[in-house]
Each structure stands twice: as structure tokens, then as C-alpha cells.
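J.: Structure here, sequence nowhere to be found:
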RNA sequence: UGCGGAAUAGCUCAGUGGCAGAGCAACGGUCUCAUAAGCCGUAUGGCGCGGGUUCAAGUCCCGCUUCCGCAACCA
């Protein structure tokens, strides 16, 4: 078995600016790579950008610039943001790289030759205003667009399909045989349950999207953005092209005579399905070994809510950089948030972590130890390990244990636990120093040997701890290392080979400066609040600020390559392109103007709810019988069950759209729809009603 | 509604049948090498609710509540 390591982040979709979510995944990948490399493991860290698709095309159009110029600009912003965080990736793949495009076409051809891609055609309902496909209840012959309330048009467009259905059983067997393939386990269960529910063939080409990779021999079509994007993990290593290299070395491995891969994909939970279902299916089809693990991390939360541009609560990297150093940001994200779970991120918690762990913990240990080296030993660290100090052996033993635990937990991606272990080493030696009172020993010439032993142990513990934390705190670790008079830098030394008390050439300790400042919580929090108020005001004054592709696309911690062509994939086309419901209602500018004739077509009437009951197996649906002044009551289904109890709405006077085409949902026919305001982030419905009594059936104009 | 998770100290979380824990925050004490840091001590819990199995249950079983995810659902 080869001892190599390959880690990837998702490639980031270039229709949004980098934020803390991108930083999170990428910091983890970086900290992992530094860890592996420090332990002598040949490692490769890939990140990059996903640059194709209709959303990108549109974004550039909005800005009135060439698409290539638009993507180049955003890519620069990502690179700058990551560089500021001390991230050292080995390769930055862009899906617009010629080598990648060439390789994706090769993959396509291979899949086609193996019989997994066939040409068919896609049929569905299309809304010209949304410019996307809509999912429609079977049997509905006259569907309307939910956003625009206009009739949908029937569209049939030629499309290539990938035989995803052929892989259902093989995937299930694979999950079964490789429990480590999807982690954590809850995510694995989710994937298995999804696959068990059935896989349909996947539409993998589009004719209406131009900004993409052309289908070989059929340039009318471009290749499905996800097929394009996922392939980056192998094309970046030279699969299917001559430009890049490393596929043999970093992707391929062999265990028990079977080809497997070392690859570790870090992904956010919002793009799990693409990585855990589609991607392995593509690879199985191409007969390329599957990645070892798709590890799903959680979302960063603020105030219990997902952070995102659409919720307006995202923590800005800019703000972080103003108040925290890179190492602080890196440490906090890895220490505070258990990897794999959602994690709350607050400035208060960050400041508390920095003060308690970094300033009072690591920073102060370095400071007190080095000051004593300077004062008592003229700056030359003693190396006396004859255990004359009380419990020096205990300190050493505890550190050895901490080191082992650190490595075990870190390798299992439990960064939080690993760091906890390292800090137990710090607490230990702090106590040791206090117990032995070296400042008293220093005043007693007869206690010189013991003083040497105490300071030797303190200094040695510090050295080992600094080695451990270097992958997480590269900058500070190096700074302390240099203050300690040690040669080279900590990331060059394998902590497993750093033996206790080994002979070292150590320069004089001269300048001792605090590694971390103590942060003033009240001051920083109030500064941030003030500046965020300003930012919020600035944002509010631009009601038409472009929104992201879809709510789902923007709430993730990874700006995921949400595929515009996902529309063609299920073929459900739930909001994957910009649509009006992504805009804040309070600030929405009216879109297209309509003529009075258009409005007259909509028949709004007053009605009274006579009966209401929940629809089985539906969370949101109430089945209502309403009196519209007609001979018999009408049945209407309304998606308000989450906010209105059935008994609560009975007797209410409401407004309905009376001439809407009938539509079946969950087995019941709905003859119209009721009007309700859609309030706040979650679109909480508030029924429209009247200020005075109105007869049922009255027309509204 | 179905499937899968979760619920433990003020906060973040450990704890797979054997005396309920850690870190942070709080409070009291103490040291002076150190960044008003360190160290010592204190307090803090109906382990979501109700049943059951067991000599013994955060822990296993059944039912329920609330929250989260996925699916369905919003005409």
C-alpha cells in the first residue's frame, strides 16, 4: 500500500464572492495536508473553481462583460482570500482549463463507448419567464408557473442521458462493503435511503447552455455541469490529459490486490448527493477506482441559522481579518466546531477561545518559559532531563499520551478532540511549573540543578506542543519556534520523530514577545456591530443587488457548483436559476409590467372557509372546502398547514383565485388557490382577508 | 407523512450497563516566572417526558415531545 494522501475541496462556483464557508472547507484541507506532510506523507491538496453554466453566463451578462473576464476576476478574489489564510494548495483547477475540458470530453467519449450514455430527448414543462423547467403533477394538462401564474409551455429538447439507473444495485453494494466511503454515518444512511428509493437516468447535456464544454461530435450540446465539475478531481491529476500529473501517484492505490483510491473529498452536506451517488456512478462506469471517502462536514451557523448571503447573516472574511489573525480563525474553526456537525460561529465565542486557549494557554506558556530561559540561563535553554524536578516524568508521560491522542484524532478528522489533547499537555506543564516554583529555585544557588531540570522540561514540552499545533497555527508556531532559538521551522519536523530531550542546536533566546494578544471582547464586538450596521444599511439601499443562484446554492458553507442543468436532471427544475422568490419581499422592485387586461384575466373572489383538514402525508397541505357563492362548496388545497391549524382557519373570510386550472396534489383536486402574504425568510403565509363583511363570491378588481 | 439523526452544567461538548464528567464562563483562595496570565478550591445537573428490562439504565427496549437533515409537499 502506497503511503500517499490526496485531499480535495469542492471547486467553488464563481458566481459568489468567497466567504467563511469556502474558507472553512479549505482551511480544513490545508490543515490536514500540513499535518500529513509534517509526518512525511507525500500529499496533494487540490482546490479550484467551477466556472461553467448558465448562471455564470447570466452573471457576466448582468455585469456587461465577457464571461471569461468575469470568471477570471472572481477566481482572483478566491485566490487572494485563500492566500490571506495561509492556505497552500498544490494545484488550482479551473473547469475552463483547456486540459480539463479535453479530459472531460475524453471521459464523455469513454462513457458513451461503454454504452452508458445514450441520446434521447428531454420532455417537460417550461416557463419562458423563469427560463427553466418545472415539475408538474402527472395528468395535469394545463399547468401554470407558480412564480408567474402563466401557462407553461411543453418543451421537448434533445438530450443525452447517463444510465444512472443501471448503477443502483452496484452503488448499494459498494456502500455496504465500504462503510468508510460516506462519513459521518448519518450521511451514509441518508445516501443509502436515497439510492434505495430509486435512481432515474440523468440528463447530462443541454442545448440551451452555451458556456460549457461541448459534447464531442455534437457541438449543439454542452456537457452537464456536474459531470464537468466532479471530473476535476481526476482531471487535475492528469487523467485524460497530458498537462497535469499525479493520477498514478495520488489517486491509484491497491489494497488486497484490488484497485482503490486514496482520495478524500471534503464536501458540504448540500452537495452530498452529487459526490456520493452521481460521482461514484460516473467512476464505476468509467472503471476508475472510487475515492476512499467522501467526508461531509456541517454548516456554520449564526444565531442557530445557516449563514448565507440570502439570510444576510454571513460573517464576512473582511470583518474577520480586521479583528483576528489567520491563526486565530483557523484555530477557532477547527477547535470549536466538531467536524462533521453544524457549528455555531459567534464573535464572542471566537474571542473567548482566543483569550483562553491561545493567549492564556499557548501564548502565555511560551512567554513565561522563554522569559525564564532568558533571565535564569542568559538565554541559553538548558537540556537537563535527569528528573530532579518533581514529577518531570509525569509531565513527559502525559505529553507522550497527548501526542498519540492528537495524531489519532487528527487523522480521523476529529480536529476538535485533537486540539483538546494538545492543550491538555499545556495545562499539564503549567501546573508543573507552578508546583516547582522555578522563580524560587533561581534565588538558591544550591537548587541550580533542579532549576535546570524544571526549565528543561518546560522548554521541551513547549517545543513538542508547538510541533503538534503547527498545521493549525502555522504562523504562530513558526514565530514561537524562532523565539525559542530553534532552527528551521516546525512544519519541517515530524512530531513522531521528535524524541524527548534529543540533542539539539539551540540559539540564544533573546526577544520574547507575546504570540497572541489578549482580545477585548466588549470593544471588538461593539466595533463589529457598528460596522455591520453600516454594511446592512448599504445593502438595504440596493434593493436590486443581484442574488445568488438559488437559496440552496447560497446557504451552504461551500459555494457549491449548483448546476443550472439540474433542471434537466430529475427532471424537476426547482429554483436553480435566479428567480423572484429569492429576493427579499420588503425590498423587491416590481419586475415586468403587465397590462390591465392581464390582471382582468385573474378572477379573484371572496370566499369563506367551511371545512379544513390536514392532507395525509403532507406537511404543508390543508384541504379546504370554501364557499365562493356557488351552488356547492369548492375544494382548494393550500400550503399553509405549517402555520395554520385546520380549526383555526374555519370560518375565515379569504380571497381566492377562482379561475385557476384544476390541479391534483396528494390525490386531491384543488380548484383554485387562496391568497396569502409571504412573510420573512421562510415565507410564512398570512391569509389575505377583509376589513369589513363581504358576500361570498364577490369579485375583486 | 415516511426514513435518518439529535436532546447531558449558563455555553461548547465527552460519556455503549457499574459512584454523572471535561473545557470555557461564574465565585473564593493563592503564587509572582508569565499576556491581571498560572495554580488550588467551590458551586452548578429533574441526563427531553412516560413506561419497561436488569442486582444496577444518559447508556438497552417500547411509547411520546421538541429540534435538525433527507424525501414528499407549497397552484
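T.: On my side now, so go ahead. Predicted, not measured: the structure shown is a model, and the values here were computed from it.

J.: Pretty sure residue A:316 sits against residue A:19.
T.: Yes - contact criterion C-beta atoms under 8 Å: residue A:316 and residue A:19 qualify, at 6.9 Å. Where you see a C-beta, it was placed from the backbone N, CA and C, and this is true even at glycine.

J.: between the two, who's got more neighbours?
T.: residue A:19 (21 against 15; other C-beta atoms under 10 Å).

J.: beta partners for residue A:117?
T.: For residue A:117, the beta-bridge partners are residue A:162 (DSSP bridges).

J.: Lowest-scoring secondary structure element of chain A by mean pLDDT?
T.: helix A:551-555 (a mean of 29; mean pLDDT, DSSP states H and E).

J.: continuing past it, what's the next helix or strand?
T.: Downstream of helix A:551-555, the next assigned helix or strand under DSSP states H and E is helix A:596-600.

J.: Low-confidence stretches in chain A?
T.: For chain A, the stretches flagged by pLDDT under 70 are A:1, A:123-156, A:302-314, A:387, A:532-595, A:678-684.

J.: sec struct for residue A:18, please.
T.: coil (DSSP: H, G, I helix; E, B strand; the rest coil).

J.: who's in contact with the closest residue to it other than its chain neighbours?
T.: Distances taken as C-beta to C-beta, 6 or more residues apart in numbering put residue A:81 closest to residue A:18, at 4.1 Å, once the chain neighbours are dropped. For residue A:81, the contact set (C-beta atoms under 8 Å, 6 or more residues apart in numbering) comprises A:18, A:22-23, A:317.

J.: which of these sit farthest apart?
T.: Distance extremes for the contacts of residue A:81: the farthest pair is A:22 and A:317 at 8.6 Å, using C-beta to C-beta.

J.: about what we covered before: secondary structure element for the residue nearest to residue A:18?
T.: Counting by DSSP H and E, residue A:81 is part of helix A:67-84.

J.: Quick check: buried residues in stretch A:345-357?
T.: By neighbour count with 16 or more other C-beta atoms under 10 Å, stretch A:345-357 contains the buried residues A:345, A:347, A:350-351, A:353-355, A:357.

J.: circling back to that earlier point, more neighbours: which of residue A:22 and residue A:317?
T.: Each of residue A:22 and residue A:317 has its neighbours counted (other C-beta under 10 Å); residue A:22 has more, 27 against 19.

J.: Next, count neighbours for the nearest residue to residue A:450 once chain neighbours are set aside.
T.: Leaving out its chain neighbours, the residue that sits closest to residue A:450 by C-beta to C-beta, 6+ apart is residue A:388, at 4.7 Å. Using other C-beta under 10 Å, residue A:388 is surrounded by 17 other residues.

J.: can you confirm residue A:388 is in a helix?
T.: No - assessed with three-state DSSP, residue A:388 is coil; it does not lie in a helix.

J.: I figured it hits residue A:451, correct?
T.: No - Residue A:388 is beyond contact range of residue A:451, at 9.1 Å (criterion: C-beta under 8 Å).

J.: circling back: how much space is there between the residue nearest to residue A:450 and residue A:443?
T.: 17 Å (C-beta to C-beta, to the nearest Å).

J.: now swap in residue A:2 and tell me
T.: In this view, residue A:2 and residue A:443 are 58 Å apart by C-beta to C-beta.

J.: Up against RNA strand B, what does the stretch 351-500 of chain A have?
T.: Residues of the stretch 351-500 of chain A lying close to RNA strand B by C-beta under 7 Å from any atom of the strand are A:352, A:355-356, A:358-364, A:366-368, A:371-372, A:375, A:427, A:430-431, A:433-435, A:437-440.

J.: From those, which land in strands?
T.: When DSSP state E defines the strands, the subset of those inside them is empty.

J.: Would you list the buried entries among these?
T.: Here, 16+ other C-beta under 10 Å leaves A:355, A:358-359, A:361-364, A:366-368, A:372, A:430, A:433, A:438 buried among those.

J.: Distance check, the residue nearest to residue A:450 against RNA strand B.
T.: Distance from residue A:388 to RNA strand B, counting by C-beta to the nearest atom of the strand, to the nearest Å: 18 Å.

J.: what sits against that residue?
T.: Residues near residue A:388 by C-beta under 8 Å, 6+ apart: A:449-450, A:452-453.

J.: let's see 6 Å
T.: When contacts are counted by C-beta atoms under 6 Å, 6 or more residues apart in numbering, residue A:388 touches A:449-450, A:453.

J.: By neighbours, which of those wins?
T.: residue A:453 (23 neighbours).

J.: mind checking the SS state of that one?
T.: helix.

J.: Would you agree it is in contact with residue A:382?
T.: No - contact criterion C-beta atoms under 6 Å: residue A:453 and residue A:382 do not qualify, at 8.0 Å.

J.: got any residues that touch both of these two?
T.: In contact with both residue A:453 and residue A:382: no residue, using C-beta under 6 Å, 6+ apart.

J.: how near is the residue nearest to residue A:18 to residue A:416?
T.: Noted for residue A:81: a distance of 24 Å to residue A:416, by C-beta to C-beta.

J.: Give me the distance between whatever residue of the stretch 251-400 of chain A ends up closest to RNA strand B and residue A:297.
T.: Closest to RNA strand B within the stretch 251-400 of chain A is residue A:363: 1.7 Å, counting by C-beta to the nearest atom of the strand. Taking C-beta to C-beta as the measure, residue A:363 falls 28 Å from residue A:297.

J.: cool, residue A:608 as well?
T.: Distance, residue A:608 to residue A:297, by C-beta to C-beta: 51 Å.

J.: ok, the two, which is more surrounded?
T.: More crowded of residue A:608 and residue A:297, by other C-beta under 10 Å: residue A:297, with 25 against 19.

J.: Run through the bridge partners of the more buried one.
T.: Taking DSSP bridges as the rule, residue A:297 bridges to residue A:268.

J.: Show me what counts as buried in stretch A:44-54.
T.: For stretch A:44-54, burial by neighbour count (16+ other C-beta under 10 Å) applies to A:44-54.

J.: From what I see, residue A:245 and residue A:238 are in contact.
T.: Yes - counting by C-beta under 6 Å, residue A:238 is a contact partner of residue A:245 at 4.4 Å.

J.: Those two: which has the busier surroundings?
T.: Counting neighbours by other C-beta under 10 Å for residue A:245 and for residue A:238 shows that residue A:238 has the greater number, 19 against 13.

J.: Enumerate every residue touching that one.
T.: Counting by C-beta under 6 Å, 6+ apart, residue A:238 touches A:244-247.

J.: How much space separates it from residue A:109?
T.: Using C-beta to C-beta, residue A:238 is found at 17 Å from residue A:109.

J.: likewise residue A:508?
T.: Applying C-beta to C-beta to residue A:508 and residue A:109 gives a distance of 65 Å.

J.: Among the two, which residue is more densely surrounded?
T.: The residue with more neighbours, out of residue A:508 and residue A:109, is residue A:109; 15 against 12, by other C-beta under 10 Å.

J.: buried ones in the helix or strand hosting the more buried one?
T.: Here residue A:109 is covered by helix A:98-113, with elements defined by DSSP H and E. For helix A:98-113, burial by neighbour count (16+ other C-beta under 10 Å) applies to A:99-108, A:110-112.
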